[in-house]
Structure formats: C-alpha cells, structure tokens
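>>> Got a sequence here, can you model it:
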Amino acid sequence: MTYPPNGSAAPPGHPAAPTRPNVPPQQTRGAVQGVPPSAPPPAPARRTAWAEGVDRLRSAATTEPGRLRIIGALLALLVVAFGATTAWQMTDRSAAADDVLHSSQPLSADAADIYRSLADANTAASSGFLAGGQEPAAMRDRYEKDIRTAAAKLVTAAASTDPGTSSAKTIAKLNTLLPQYKGLIERARANNRQGFPLGGAYLRYANEKMQTEMLPEAENLYTNENERLRDDYDAATPYPWIAIAIGVLAVAALVWAQRRNYRRTNRVFNHGMLAATAASVVVLLWLVVGHTVARSGLNASYDGGVRSLNVLHDASIASLKARGNENLTLVSRGAETTTVKGQTKDKYDVDFQKQMNVLAAKLTAADELAADDRAGRTPVDGADASMKEWLKRHTDAREQDDAGNYQGALDKIIGSKQDKPTGECFDLVDQNLDKALAHEQRQFSTDAGDGLDAMTGLPVGAALLAVLAAAGAVLGIGRRLSEYR
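Numbering: from 1, shown residues only. Got it, this is the predicted structure:
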C-alpha cells in the first residue's frame, strides 16, 4: 500500500493517513534509535593580528625583496635607538656636570663660607673684647662683615634648598640662632665698656652657643652640601654603557648588511648604507671620546679641586677655632677648667691645642694633595711655617700668664709687632689659606668647565646624526629594492 505525501487527501473509501512532521531522515532515525541529535561542527578560531602579521612576515622573508625590507627596518630601528639612547644618557650626564659646576659646588662653597664666617666672627668678637672697652675699629668691622656674610650666604642657601630637607631645617635653625648670638655679643660689649666682669661671662656664653650649637649646625649644612655635590659627580661620570652597547650593535649590523649586499651583488659600496655607517661610527666615537674627556676633567676637578678645597676649609676653620680659644683663655682667666690625665688645665687652652693639631694634620694633607702643583703648595707651606711660629709664641704667652703676668700674656696675644704677638701668626695663616683656597677654586672651575665643555652638543648632535644614519640605511636598502621592480 502506498501513502500519499504528507498533507495530501486520502483516496475515497480510505481513512486519512496519519501525518508526520518534516524531520530530516538522519534525525528521525537517530531519534528512533534513541541517539541524541549530533552538534554542528565548531567554527574555526579566529587568528590574532599578531599571528597573521608573523605569517606575513615569514612569507615575505622567503623572497629577497621581503628580506631587504626587514633588514632595512631593523637597521633604521637600531640606529634610531642608538641616537635616542645617546641623547638621553648624555643629557642626564651633561645636566649633572652643569650642576657640579654651577649649583652644588658653589652651594658647598657657600656652606663652607657660612662655617668660616661664623667661626671668624666669634674670633673677632673675642679679640675685640681682649682689646678693652674701646675695641679697635678693624676688629669691629671684621666681626660685622662676618655676620653679614653668614646672613647673606644663609639666604642664598635657603633659596637653593628644597623645603623640608635636612639642609632647609639646618638653615632655619641657624637663622634663629644668629640673632641670639649677636645679642649676647652686644651684652658682652656693653658690660666690657663699663668694666663689669659680667661682660666676660656673656662672651663665654656666646662662645658656648657658637661652639655647641651654631658651628655644629653649620658643619651639618656643609656635610649635606658636600654629599649633594658627590651625588652630582656620581651622576655625571659613569660611562653610558647602554648607549655604547647599542652603538656597537648598530655599527656591526650595518657592516653585516653591506657585506651581505657585496656577496650577493659584487658591489663594493652602497652609498646609503655607507653614509649610515659613517654617521653611526662618528656618533660612537664622539660618545666614547667625548665622555672620556669629560670624565677625566670632572675627576680632576674633584681630586685636585674639591678634595683640596675641603681640606683647606677644614684647616681654616681649625685655625679660627684655635684663635678663638686662645683669646678666651685670657678672657676667662682660669674660670673654665678641665681634667686631662689627672691634671687640671684651662679648658680653652686644651681646646686650642686640639685645634692646632687638627690644623697641622690638614696642612699636611693639603700639601700632599698639591704635591705636583707648585702654585698650590706655596701658600700651604707658608701657612705651615706661620702655624709653627704661632705655637712657639703661644708657649711664651702661656708662660707669662702662668707666672701671673696677665698684661705680658695679653701683649703676646694681641700686642704690637714689637711684642711678636700670636695674632700676627694667625693672620699669616689665615691669609695663606685664603690664597690656597682661591687657587684651588680656580683649578676646580677650570677642570670642571673642561669636563662640561666636552659634553657640549653631544646629545643634540647624536640625535641628528642618528636620524641621518637611519635615512641613509633606508635609502640604501631602497636602492637595492628598486632593482627588483
């Protein structure tokens, strides 16, 4: 028996045939057999742009034009990276060298001047006090000049120091202590003019404030600025190894590309790549030689300038402290004592001897640093000779004081030239140290300036030459590509 198709009418006299849904034969059979319908096959995963790019690059690398394009791109990238790295590293080093010459070293010198001015003001105040009620105008002027110098240098240092730093706090503290010290000195002078013994007490109190509060703070400022200077040297002198390494790699790649070109075409020169190689070699040599010269100049400015300046500053400060203690030995008249190896001695005379030992050691160190510099050694040797004479005259003054001859001791300290006073020796030490400091400052400026000059133009020049080298490499490769068209 045959059945009509689904949806057709049954023949007359026959019941209507049952209808079935339109089901594909496979699904029907599966359903009949109890097998679930099968899932459609998954769509292939879409490839990433990176994978497609790698495939295109791999496909291009199978042809010579494609390989040349890849080589050209890599050469240009290497040369540009070389120029950019050179400009970056040398800009940093040049900026640090500029800070050494124009910022950190001058600030270090200012900090040393603050230290010396405060110590010298203290010495001048005690010398003027010893002279009696009417202190000499020269002593008064020297004291006032030192105070003005210290105040001005503190303003300069504050303007160049970041707020909240250790140096900023030190400067603020010194600005608070300086008026207090000046007030004590004025009280000492006022009482001394009237012949009151209280003047000596005020002077000793002022000296105590200077020695225990102000000079330690000034020394901290000096130390901090020296550390800042050392940091700038550390930033300016290291070799730019990253730039040098990339430069060597770029030159090697350019040489390899030209050798490859020669082996494939028998053409000795490719003008574009030859120009790129020449420009890269110039930048590399400029980088190595220029930085070597700059490093040499900066190292010389530190070894022959900064180190000598530090030692001479220390010697000058020791000399000033010694002179102040020598004066206070007579001002106090034994009021301040200390025990040394079981013996009672004048405190200020003990401090005087300590500072003279420091002075002797610093002069020896300065003489060694200036061993090959006659112009630098001459004032140091002069200061050393004056220091030795100072010690002899000081011994005579102490003998007079110990014998009860106060006026004789006073004459040996601040008397006229006929008395051969120690003040004359102190002045010679101070003058010779000033000459040595001026010489070393000039030496530093010359050497550091030479170091900075050796870097001048290198960052910009390297960047420009690198761009020209990259253009040469691309043009050289383009010339080869044109042969395949």
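
>>> Can you point out the buried residues in stretch 189-201?
Using 16 or more other CB atoms under 10 Å as the test for burial, stretch 189-201 gives 189, 191-192, 199-201. No exception for glycine: its C-beta is placed from N, CA and C like everyone else's.

>>> element containing Thr344, please.
Using DSSP states H and E, Thr344 maps to strand 343-346.

>>> Now that strand: average pLDDT?
Averaging pLDDT along strand 343-346 gives 82.

>>> TSV for the buried residues of stretch 189-201, including pLDDT?
Below are the buried residues of stretch 189-201 laid out as TSV (pLDDT from 0 to 100):
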residue	pLDDT
Arg189	89
Asn191	89
Asn192	85
Gly199	85
Gly200	85
Ala201	87
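
>>> ok, now which ones touch the most centrally placed residue in the chain?
The residue lying closest to the centre of the chain (CA atoms, centre = their mean) is Asp232, at 1.3 Å. By CB atoms under 8 Å, 6 or more residues apart in numbering, the residues touching Asp232 are 96-97, 99-100, 103-104.

>>> so it, which of the three states?
helix (DSSP: H, G, I helix; E, B strand; the rest coil).

>>> For it, give its distance to Ser94.
In this structure, Asp232 and Ser94 are 12 Å apart, going by CB to CB, to the nearest Å.

>>> Which elements pack onto the helix or strand where Ala438 lies?
For Ala438, the enclosing helix or strand under DSSP H and E is helix 422-455. For helix 422-455, the elements it packs on are helix 64-99, helix 105-130, helix 271-301, helix 307-332, helix 374-402, helix 406-414, judged by 3 or more CB pairs under 8 Å, 6 or more residues apart in numbering; DSSP states H and E.

>>> From the rest of the structure, what touches the following helix or strand past it?
The element immediately downstream of helix 422-455 (helix or strand, assigned by DSSP H and E) is helix 458-481. For helix 458-481, contacts defined as CB under 8 Å, 6+ apart pick out 65, 68-69, 71-72, 75-76, 79-80, 82-84, 86-88, 90-91, 94, 250, 254, 257, 261, 265, 270-277, 279-280, 282-283, 286-287, 290-291.

>>> quick check: angle from helix 458-481 to helix 64-99?
Relative orientation of helix 458-481 versus helix 64-99 (axes from the mean of the first three to the mean of the last three CA atoms, to 10 degrees): 170 degrees.

>>> Helix 458-481 vs helix 271-301, what angle?
160 degrees.

>>> Restrict helix 458-481 to CA atoms and write it as PDB.
The C-alpha trace of helix 458-481 is given here as PDB (Å, rounded to 0.1, in the frame of the first residue of the first chain):
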ATOM      1  CA  LEU A 458      76.700  65.700  22.100                       C
ATOM      2  CA  PRO A 459      73.100  64.900  22.900                       C
ATOM      3  CA  VAL A 460      71.700  67.100  20.000                       C
ATOM      4  CA  GLY A 461      74.500  66.000  17.600                       C
ATOM      5  CA  ALA A 462      73.900  62.300  18.300                       C
ATOM      6  CA  ALA A 463      70.200  62.600  17.700                       C
ATOM      7  CA  LEU A 464      70.700  64.500  14.400                       C
ATOM      8  CA  LEU A 465      73.400  62.100  13.100                       C
ATOM      9  CA  ALA A 466      71.200  59.100  14.100                       C
ATOM     10  CA  VAL A 467      68.300  60.400  12.100                       C
ATOM     11  CA  LEU A 468      70.700  60.900   9.100                       C
ATOM     12  CA  ALA A 469      72.000  57.400   9.600                       C
ATOM     13  CA  ALA A 470      68.600  55.900   9.700                       C
ATOM     14  CA  ALA A 471      67.600  57.800   6.500                       C
ATOM     15  CA  GLY A 472      70.800  56.600   4.800                       C
ATOM     16  CA  ALA A 473      70.100  53.000   5.800                       C
ATOM     17  CA  VAL A 474      66.500  53.200   4.400                       C
ATOM     18  CA  LEU A 475      67.700  54.800   1.200                       C
ATOM     19  CA  GLY A 476      70.400  52.300   0.700                       C
ATOM     20  CA  ILE A 477      68.000  49.400   1.100                       C
ATOM     21  CA  GLY A 478      65.500  51.200  -1.200                       C
ATOM     22  CA  ARG A 479      68.200  51.400  -3.900                       C
ATOM     23  CA  ARG A 480      68.500  47.600  -3.800                       C
ATOM     24  CA  LEU A 481      64.700  47.200  -3.800                       C
END
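
>>> Can we start the residue count at 40 from this point?
Let's use 40 as the start, then, which means that last one is helix 497-520.

>>> how about that helix: buried residues?
Neighbour-count burial for helix 497-520, counted by 16+ other CB under 10 Å, picks out 497-498, 500-502, 504-516, 518-519.
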